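A.B. asks: Here's a sequence, model it:
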Amino acid sequence: MLLGRPEGEVSALEAILGVTREALFGWASDTVAAAAHDQGCQSDAATCQRLIDLTGGLPLFVLNAISVAKSAYDGSLKQFCADLAQSAHTREVAQDFILGRVFDRLPKAVADVAETLSLCDAPLRRTEIQAYISSAGGSDQANADRALRHLVSHGLLQVFADDRIKLHDAARAVGKGRLLLRGAESVKASRETLRAVVQKSLLENWHPAKLSLFLRLSGEVGRLDVLVEMATDELFHEMGVWPEVEALLSFPGRAVKRISPGSTLSILMRFITCPIKNRILQGINNCSEEATFRSLNEIPRQSLRGSALAKESAYNCSTLVTSSWVNSANSLSRARFESLP
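C.D. replies: Numbering: from 1, shown residues only. Predicted structure coming up:
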């Protein structure tokens, strides 16, 4: 109810009334699924959860997103979520109108901080957020603290236990759209900075949400070697990271352009187990391993001819295609993460 109030009275109301704000976490995935079904949209559990992550689960934003998916995306909620996550949606949504105006009213320094925080979807300690803001945006600690207080007063910044904070999910989609206007190089630099902060944070305080963020950032900055190292672990596939990774591998010219043919083949062979395993274990019929096989065909064969890697990969390909099951991978271990470069 108090998200993004233009007068910024949330903190004042808390002080005057002697009460503490209570976070409303919005709809659950089953409620979102029911609403999508009522509108004739196609969705699955993962897509519904992703829509919640992008809208905060707030009913107004969820219903509006479903309406846009129905009218502009032929009912494909999955495609709409993919575009919304990249701020590439074809029609403006309620979040753009409502929270966009809130961003417009913020002082520029505060808005810049909010946009910078839009890349982070996992709560981090305040000191870690301050380090990220300082490195990515150049703000000193005093200005960063002032900006954070301002965002809290508007309900745009959520505060969790152990002094952890993050931008509200509904505001992240809007902030990210504005951040992208700064240019690809600026956004990549911010992602690399955040990735370093999250990696250090994981070493100090392990949490699956931070690991998921770290893996997504690794893919977005081109560190596919890190994803390959993690790809055979079961937890990797349970975190919902695969859609972003699949998008990278669907366009090998863009994602693995700077990687040698041998490394490219190794990457694709490790990842191809994911869609096949999902199809077998979950009965999902829309996994796109065909795109990965097409990517394999684009690797220059001359550079692999006669190599041990080529022979091993040919055997693995045959085994993956003809096998009726895939062994469950070991759970992701902290030791494996700590060994990453």
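A.B. asks: contacting residues around stretch 92-100?
C.D. replies: Outside stretch 92-100, the residues within contact range by Cβ atoms under 8 Å, 6 or more residues apart in numbering are 3-4, 55, 60-61, 64-65, 68, 84, 170-171, 173-174, 177. Just so you know, the C-beta spots here come from the backbone N, C-alpha and C atoms, and that holds for glycine as well.
A.B. asks: Now list the buried members of the residues you listed.
C.D. replies: Among the contacts of stretch 92-100, those classed as buried by neighbour count (16 or more other Cβ atoms under 10 Å) are 3-4, 55, 61, 64-65, 68, 84, 170-171, 173-174, 177.
A.B. asks: one step back: now, which of the contacts of stretch 92-100 lie within helices?
C.D. replies: Among these, the members found in helices (DSSP state H) are 55, 60-61, 64-65, 68, 84, 170-171, 173-174, 177.
A.B. asks: quick check, nearest of those residues to residue 217?
C.D. replies: residue 173 (17.0 Å; Cβ to Cβ).
A.B. asks: Distance of the closest one relative to residue 57?
C.D. replies: When distance is defined by Cβ to Cβ, to the nearest Å, residue 173 is 13 Å away from residue 57.
A.B. asks: coming back round to it: which one of the ones in helices among the contacts of stretch 92-100 sits closest to residue 134?
C.D. replies: Within the ones in helices among the contacts of stretch 92-100, the smallest distance to residue 134 is 21.0 Å, found for residue 171 (Cβ to Cβ).
A.B. asks: List phi and psi for the closest residue to that closest one other than its chain neighbours.
C.D. replies: Distance criterion Cβ to Cβ, 6 or more residues apart in numbering; nearest residue to residue 171, sequence neighbours excluded, is residue 156 at 4.9 Å. The phi and psi torsions at residue 156 (degrees, to the nearest 10) take the values phi -90, psi -20.
A.B. asks: Does residue 13 touch residue 153 like I think?
C.D. replies: No: at 9.9 Å, residue 13 does not count as touching residue 153 under the criterion of Cβ atoms under 8 Å.
A.B. asks: Tell me which of these two has more neighbours.
C.D. replies: The neighbour count for residue 13 versus residue 153, taken as other Cβ atoms under 10 Å, is higher for residue 153 (19 against 14).
A.B. asks: Which residue lies closest in space to residue 106, excluding its sequence neighbours?
C.D. replies: Nearest one to residue 106, counting by Cβ to Cβ, 6+ apart, is residue 114 at 6.7 Å.
A.B. asks: is it true that the one you found touches residue 175?
C.D. replies: Yes: between residue 114 and residue 175 there is a contact at 5.1 Å, judged by Cβ under 8 Å.
A.B. asks: Which neighbours do those two have in common?
C.D. replies: By Cβ under 8 Å, 6+ apart, the residues touching both residue 114 and residue 175 are 103, 167.
A.B. asks: Flag the shaky bits of the chain, pLDDT-wise.
C.D. replies: The chain contains residues with pLDDT under 70 at 1-10, 23-24, 231-341.
A.B. asks: about what we covered before: could you dump the ones in helices among the contacts of stretch 92-100 into JSON lines with distance to residue 149 added?
C.D. replies: Below are those laid out as JSON lines (distance: Cβ to Cβ, whole Å):
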{"residue": "55", "distance to residue 149": "25"}
{"residue": "60", "distance to residue 149": "27"}
{"residue": "61", "distance to residue 149": "25"}
{"residue": "64", "distance to residue 149": "30"}
{"residue": "65", "distance to residue 149": "30"}
{"residue": "68", "distance to residue 149": "34"}
{"residue": "84", "distance to residue 149": "29"}
{"residue": "170", "distance to residue 149": "20"}
{"residue": "171", "distance to residue 149": "16"}
{"residue": "173", "distance to residue 149": "23"}
{"residue": "174", "distance to residue 149": "20"}
{"residue": "177", "distance to residue 149": "24"}
